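**Student:** Attaching a predicted model along with its sequence, questions to come.
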Amino acid sequence: MISAPTIEYLEIAPLLLVFGAAIIGVLVEAFAPRHLRSAFHIPLTLLAIAGAFVLTVLLAVDKTRTVAVMGALAIDGTTLFLWGTILVLAFISVLLMNDEGQFVAQAAAVPGSAEEQEAVLEGQAQTEVYPLALFAIGGMLIFPASNDLLMLFVALEVMSLPLYLLCGLARRRRLLSQEAAVKYFLLGAFSSGFLLYGIAMLYGYAGSLDLAKISAALGTVSGMDPLLVLGTALLGVGMLFKIGAAPFQAWKPDVYQGAPTPVTALMASGTLVAAFGALLRVFWVALGNLDWDWSPILWGVAILTMVIGVILAITQTDIKRMLAYSSIAHAGFLLTAFVATGGPEQNRVALSSILFYLAAYGVTTVGAFAVVTMVRDTGGEAGHLSRWAGLGKRSPILAGVFAFFLLAFAGIPLTSGFLGKYAVFQAAVAGGATPLVIVGVVTSAIAAFFYARVIVLMFFSEPAADGPVIAAPTVGTALVVALAATVTVVLGVLPQPMLDLAGAAARSLFVY
Amino acid sequence: MTTHYLVLSALLFTIGGIGVLVRRNAIVVFMSVELMLNSCNLAFVAFSRMHGNLDGQLMAFFVMVVAAAEVVVGLAIIVTIFRTRRSASVDDANLLKY
């Protein structure tokens, strides 16, 4: 007698909406005439994301804390907070995608060939980017909610596969873009091989893929420690790769530089949030009782990540690469609170600080990349830092906003970045990770140097005669910059509502 | 008995991992990744038999589906870069660095 599975449609409605819209998007690609497609896609994508956000808010108002779909997904405070964050970040990243001149006219045409010329002249567009983005966003939503390792693996791939493709679709500098796609794909597939072998070892150890059952097995199974240790290590490698922690950070600068900037914005914000949520759930729920074993290693990883991130960021000459290394350093700052586990109260504080940091950092990141899309040369975006010299004299508002985002990354008071950093460092000190916080503060000071260098370059050097053009922003891009700046200010000046929200989300810790 | 399968699985995983690290051609690198995924499948099925539940076999099916999807995406990307550069060597893709 097989009993039918139960599916809680109401609780997973945001996921169903996003994936449903993605499938409709694929059908639009198949059946709608070419000139009508983007007219369908843009409202469909934005409405689906907005709708999913509303559903998430309704679930949060209901205080949903449950395990759904036969234990595959955990819909708890953390999940709902991260869903809300990811959906906001996805919405503003999609607004950036909705800018002509970012995506290739015909991906199959060889760069510089006659076919490409023809495709550009005909005004073709690869409108598949919208359904692909929706699938990636759907994967990002499942990833931090997955309550068993099967779901975790599938979510990881659903999130990553569309992103590999999106990376290769830049309109300008297509060789760089294609190279970024190849590198991201090969390294991503390699790391998911490690993740999968780790899952296999943990399954061999516990006899189940369920996070709660693995946690229970830690106390009962004996004599199979090699499987457990190997499984934890390999799973950790796979997940740390996704957040770009050292020594698995090598893909990040290359991919962030080569990918179309709206896709970089989505990856730098949404993927980091999703992957960090999943990392938290796996290590705190399934392997939480093992923290004596994994936390020393993650201490090392956190230190290495912060140091490598800031040291290499200093040497960069490309703005997107610099932001990529800064993103690596921020992953390190987040890890300081991640390893500061302890009793339930300590875990609550650490979790809520991480949630606040992720939300604050994500929005600022999308804003910064939105500014990057607007500073253009004849061959596309002006990536080289020397081209940004004197931008403050040419376009004071844009340079001012960008300087503000950089100050938020550096963690200057009255920006959201300061409170985020303060919260995670405070949680880390309370959790006994004071040495990590010392490294964190020192690296933050070094980081402030290279952020300040860009600001000095923009405001205190003479603009080049043939300097870059500031593209007139589309409504979407202007909206993104304005929104990101507002959120960065508001979270910096009046953080209490958001801190309360993160605290309420973290109160019940993880449901399993 | 399970040990034999696990040893074979670990060997295949190692061969795959070394293949990714030492081979130059993107297609061969990708094949090595697939070998790693299949070695995981072998481990899943062996553990499934050992524990007497079907979770591992279920997982193996999902891994196959995901691997198939990965082939679609991966070959698309590799073929595109091959058409551009007339080379599928990962050493030639060297514009993004430092």
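**Tutor:** Yep, it's here. Numbering: from 1, shown residues only, chains lettered A, B, ... in the order given.
**Student:** State which helix of chain A is the longest.
**Tutor:** helix A:174-206 (DSSP state H).
**Student:** now that helix, how far from the centre of its chain.
**Tutor:** 17 Å (Cα atoms, centre = their mean, to the nearest Å).
**Student:** pLDDT (mean, whole number) over the next helix or strand after that helix?
**Tutor:** With elements assigned by DSSP states H and E, the helix or strand that comes after helix A:174-206 is helix A:211-220. Throughout helix A:211-220, pLDDT has a mean value of 92.
**Student:** Local confidence estimate at A:Leu509?
**Tutor:** 86.
**Student:** related to what we said a few turns ago, give the other helices and strands that the longest helix of chain A contacts.
**Tutor:** helix A:149-167, helix A:211-220, helix A:225-243, helix A:251-258, helix B:2-22, helix B:26-51, helix B:55-85 (3 or more Cβ pairs under 8 Å, 6 or more residues apart in numbering or on different chains; DSSP states H and E). In short, each C-beta sits where N, CA and C put it, glycine included.
**Student:** Is the shortest one in proximity to chain B?
**Tutor:** To tie it back to what came earlier, the one meant is helix A:251-258. Yes - remark: helix A:251-258 sits within contact range of chain B at A:253-254, A:257-258, by Cβ under 8 Å from any Cβ of the partner chain.
**Student:** Turn the helices and strands packed on helix A:174-206 into TSV, columns for mean neighbour count and distance to A:Ala125.
**Tutor:** Shown next, in TSV, are the helices and strands packed on helix A:174-206 (neighbours: other Cβ atoms under 10 Å in any protein chain shown; distance: least, Cβ to Cβ, whole Å):
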stretch	mean neighbour count	distance to A:Ala125
helix A:149-167	25	14
helix A:211-220	17	42
helix A:225-243	21	30
helix A:251-258	26	20
helix B:2-22	15	35
helix B:26-51	21	28
helix B:55-85	18	17
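**Student:** quick one: which of those is nearest A:Ala465?
**Tutor:** With respect to A:Ala465, and counting by Cβ to Cβ, the nearest of the helices and strands packed on helix A:174-206 is helix A:251-258 at 26.3 Å.
**Student:** ok, A:Pro144 touching A:Gly277?
**Tutor:** Yes - applying Cβ atoms under 8 Å, one finds A:Pro144 in contact with A:Gly277, separated by 2.6 Å.
**Student:** For the stretch 201-350 of chain A, what lies in contact range of chain B?
**Tutor:** Contact residues (Cβ under 8 Å from any Cβ) of the stretch 201-350 of chain A with chain B: A:201, A:203-204, A:207-209, A:253-254, A:257-258, A:315.
**Student:** now for the residues you listed, which pair is the farthest apart?
**Tutor:** Within those, A:Gly207 and A:Thr315 form the most distant pair, 48.8 Å apart (Cβ to Cβ).
**Student:** Could I get the pLDDT score of A:Val490?
**Tutor:** A:Val490 is given a pLDDT of 95.
**Student:** Likewise for B:Tyr98?
**Tutor:** For B:Tyr98, the predicted pLDDT is 67.
**Student:** Now do the longest helix of chain A against helix B:55-85, angle only.
**Tutor:** Counting by axes from the mean of the first three to the mean of the last three Cα atoms, to 10 degrees, helix A:174-206 points 170 degrees away from the direction of helix B:55-85.
**Student:** average pLDDT for helix A:174-206?
**Tutor:** The pLDDT scores in helix A:174-206 average 95.
**Student:** CSV please, covering the residues of the stretch 201-350 of chain A next to chain B and showing distance to A:Ala286.
**Tutor:** Shown next, in CSV, are those (distance: Cβ to Cβ, whole Å):
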residue, distance to A:Ala286
A:Met201, 13
A:Tyr203, 11
A:Gly204, 14
A:Gly207, 13
A:Ser208, 10
A:Leu209, 10
A:Pro253, 31
A:Asp254, 32
A:Gln257, 35
A:Gly258, 35
A:Thr315, 39
